[in-house]
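Student: Fold the following, please.
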Amino acid sequence: MNIKRAKEEIKDTIEAYLLKDSLGEYVIPSIRQRPVLLIGPPGVGKTQIMEQISRECRIGLVSYTITHHTRQSAVGLPLIEKREYAGREYTVTEYTMSEIVASVYNRIEETGLKEGILFIDEVNCVSETLAPTMLQFLQCKTFGTHKIPEGWLIVAAGNPPEYNKSVREFDVVTLDRIKRIDVEPDLGVWKEYAYVQNIHPAILSYLGIRPEYFCRIETTVDGKCFATPRGWEDLSQLIQVYEQLGKKADRDVVGQYIQYPKIAKNFANYLELYYKYQNEYQVEEILSGVIKEELCDRLARAAFDERLSVTGLLLSKLTEGFKELQDKNRKMELLMEQLKHYRQLLLGNIETGDSGRSPAALLELISQELEDMRKQKEKSGLLSRPENRLYRQTISTIEAWSQKLRTLPEKASEEAWQWVRGRFMEESDAYEDVKDACGEKLEHAFDFMEAAFGNAQEMVIFITELNTGEAAVEFLNSYECGRYYQYNKALLFDEQEKGILEKIK
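Tutor: Have a look, this model is predicted:
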């Protein structure tokens, strides 16, 4: 299955394992809660989804790459204790608590989350001395003599033997005690993730042309050659930073991430062309409504790679606007929650004759409470990077309001509320302006696509990619774009027709 389906399967497993009965006992007892084993090629996202799952399920997470550990750090160090058996005293060997098990208890204490995931990566690549310990861990949920706390699930990940010569095969006894999920790379699913993560548009359009290069691992006479989803994502971040610095990623730089010489060379050449098309076609002008007939004619006669690249450039610029709008919407929602609380505090002031804190002080209190919430979520690992940015931006806005309020002539609670409400309405107006701009750009994009391609394959790709991006879908759910629905309906009809023909065959 693909990584998206695997993520949902693990979330369903967590929900089932953590379900309790009326007496507070787990419906599926710990001994029957099989560890989940993810097996798939490197870089496909096995490790990354664990952070997403822990945040979305609001449970703790402790991660270990087991190949970095020795038997002593996993099991604990031996120590001599005295014990009495049948009236006689004996010296026996016991073990200090495993570093891994101790980390779980530390995580519980730090975050207050009593349920969570213990994630062990590269589980099938352990050393000879650690292999029996890992089998015991998967079968009995213990490291040495120390059990994993109840309410903590075990998820392990590993690579198939064709990708890693250090892989050890599990025996049937172990496999019969785990829940195995085999993961395969899926470009379509990765694209959904890529739009959220702002993967560089050149990479997205390139993989649209060369999907076979998305994940390829081969052994040649020169050694291992590979291109993985992780490699593309890391390369994307470097290219974006290079662009900010006024630098360009050449073939050598690309080859440091995409360690498959043929693919690295091919993409480096494509990237040069991508920058060329970016300069020549002036996408910003197109989205502002300036459509030049000579460019449309040129594009109509161009090779497929060039046509698809320009389509990708349009989608990239549109997505920037959609994401800006999405971010503003998230901020508006969070601001609304805080202002509802602020209104309640102000009403309390009115009831006591404005004898409490000043309106500006109450606004500062709201800001501090939101900052405390942010820190707590960050500490517990339940705050993603985009969410962290959202909280910081919202806190900054509220702090700016409170500082401005302090500089104004002293206001009563109701006057202060109306002033703050006015600032919120300014935020709302800015949101509507961005939404209108996004709508205009989308309409101009359709104008250009129709002029250059008509109903050709590029229009199908354009609609398909709009349906893939989360921010684009969210925008299209609230914006009436007649041509989008017209082409989308035709696209769905074509897909259904293909499906029927396939069944007939």
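Student: use CA for all of it now, contacts and neighbours both
Tutor: OK.
Student: mind checking which helix or strand Met97 is in?
Tutor: Under the criterion of DSSP states H and E, Met97 resides outside all helices and strands.
Student: what's the residue lying closest to it once chain neighbours are set aside in contact with, if anything?
Tutor: Counting by CA to CA, 6 or more residues apart in numbering, Met97 lies nearest to Gly76, which is 5.4 Å off, once chain neighbours are set aside. With contact set as CA atoms under 8 Å, 6 or more residues apart in numbering, Gly76 has these partners: 95-99, 144.
Student: Model confidence for Gly76, exactly?
Tutor: For Gly76, the pLDDT comes out at 71.
Student: how close does it get to Leu345?
Tutor: As judged by CA to CA, to the nearest Å, Gly76 and Leu345 stand 53 Å apart.
Student: just the strands in the stretch 201-350 of the chain please.
Tutor: All strands of the stretch 201-350 of the chain, identified by DSSP state E, counting those that start in this stretch, fall at 216-220, 223-227.
Student: quick one, what contacts the nearest residue to Tyr257 once chain neighbours are set aside?
Tutor: Distances taken as CA to CA, 6+ apart put Gly231 closest to Tyr257, at 5.3 Å, once the chain neighbours are dropped. Gly231 makes contacts with 43, 257-258, as judged by CA under 8 Å, 6+ apart.
Student: Would you mind splitting this protein into its domains for me?
Tutor: 3-74+100-184, 185-281, 287-505 (automatic domain parsing).
Student: and Arg83, which of these is closest to it?
Tutor: domain 3-74+100-184 (16.3 Å; CA to CA).
Student: Please state the offset of the closest one from the chain centre?
Tutor: Distance of domain 3-74+100-184 from the chain centroid (CA atoms, centre = their mean, to the nearest Å) equals 20 Å.
Student: end to end, how far does that domain reach?
Tutor: Start-to-end, domain 3-74+100-184 (CA to CA) is 7 Å.
Student: swap in stretch 450-464?
Tutor: Across stretch 450-464, first to last residue, CA to CA, it's 16 Å.
Student: for that stretch, what is the average pLDDT?
Tutor: When pLDDT is averaged over stretch 450-464, the result is 85.
Student: Mind listing what's buried along that stretch?
Tutor: 451-453, 458-459, 461-463 (16 or more other CA atoms under 10 Å).
Student: likewise stretch 123-131?
Tutor: 123-127, 130-131.
Student: can you check stretch 463-479 too?
Tutor: Within stretch 463-479, the residues that qualify as buried are 463, 465-472, 475-476, counting by 16+ other CA under 10 Å.
Student: Likewise for stretch 392-399?
Tutor: Going by neighbour count (16+ other CA under 10 Å), the buried part of stretch 392-399 is 394-395, 397-399.
Student: got it, and stretch 363-370?
Tutor: 363-367, 370.
Student: Need the residues you listed in TSV (columns: pLDDT, distance to Thr220 and secondary structure).
Tutor: Listed next are those as TSV, based on pLDDT from 0 to 100; distance: CA to CA, whole Å; DSSP: H, G, I helix; E, B strand; the rest coil:
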residue	pLDDT	distance to Thr220	secondary structure
Leu363	89	64	helix
Glu364	90	63	helix
Leu365	90	63	helix
Ile366	91	61	helix
Ser367	92	58	helix
Leu370	92	55	helix
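Student: Mind picking the two most distant members of these?
Tutor: Farthest pair in the buried residues of stretch 363-370, by CA to CA: Leu363 and Leu370, 10.8 Å.
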